[in-house]
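Student: Predicted model and sequence follow; I will ask about them next.
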Amino acid sequence: MAGSSHGHGHTPAAWTGVIIAFIGFCVAGTFMVMANPLGFWAGMVIIAVGAIVGGAMSMAGLGQKRPQPQAVQSES
């Protein structure tokens, strides 16, 4: 669907949330390999923070705009 005008994920809220979550995945993965549970759970907290920040930014108007329902006119 190249060139679609839906703007799927092309918002500051989406980019910010995904970047924070990516950093969290990197932290959690690194500490999992190092067998450090505290660092792993810190990475999981960072992932959750990414979801919260992305959602808050979306609610603040920096996310994708929801389509407005079209009024249907009957032919009478």
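Tutor: That came through fine. It should be emphasised that the depicted structure is a prediction, and the values quoted were computed from it without experimental measurement.
Student: element containing M44, please.
Tutor: Element membership for M44, per DSSP states H and E: helix 37-57.
Student: pLDDT of that helix, averaged?
Tutor: Regarding helix 37-57, the rounded mean pLDDT is 96.
Student: Return the set of buried residues in that helix.
Tutor: Neighbour-count burial for helix 37-57 flags F40, G43, I46, I47, G50, V53, G54, M57 (criterion: 16 or more other CB atoms under 10 Å). Every C-beta, even on glycine, is put in place using the N, C-alpha and C of the backbone.
Student: which ones are touching the first one?
Tutor: For F40, the contacting residues are A28, F31, M32, taking CB atoms under 8 Å, 6 or more residues apart in numbering as the criterion.
Student: Can you tell me the closest non-neighbouring residue to it?
Tutor: F31 (4.5 Å; CB to CB, 6 or more residues apart in numbering).
Student: One more: the third one?
Tutor: Residue nearest to I46 in three dimensions, not counting chain neighbours: G24, with 3.2 Å by CB to CB, 6+ apart.
Student: Ok, the second one next?
Tutor: Take G43 and drop its neighbours on the chain: the residue closest to it by CB to CB, 6+ apart is A28, 2.7 Å away.
Student: The one you found in helix, strand or coil?
Tutor: helix (DSSP: H, G, I helix; E, B strand; the rest coil).
Student: was I right about it contacting L38?
Tutor: No. In this structure, A28 is not within contact of L38 by CB atoms under 8 Å, at 11.2 Å.
Student: so how far is A13 from I23?
Tutor: From I23 over to A13 the distance is 16 Å, taken as CB to CB, to the nearest Å.
Student: the more surrounded of the two?
Tutor: A13 (20 against 15; other CB atoms under 10 Å).
Student: Look up the pLDDT of the residue nearest to G43 for me, please.
Tutor: At A28, the pLDDT recorded in the model is 97.
Student: Give me the neighbour count for it.
Tutor: Number of residues near A28 (other CB under 10 Å) recorded here: 19.
Student: contacting residues around it?
Tutor: Neighbouring residues of A28 by CB under 8 Å, 6+ apart: G39, F40, W41, A42, G43, M44, I46, I47.
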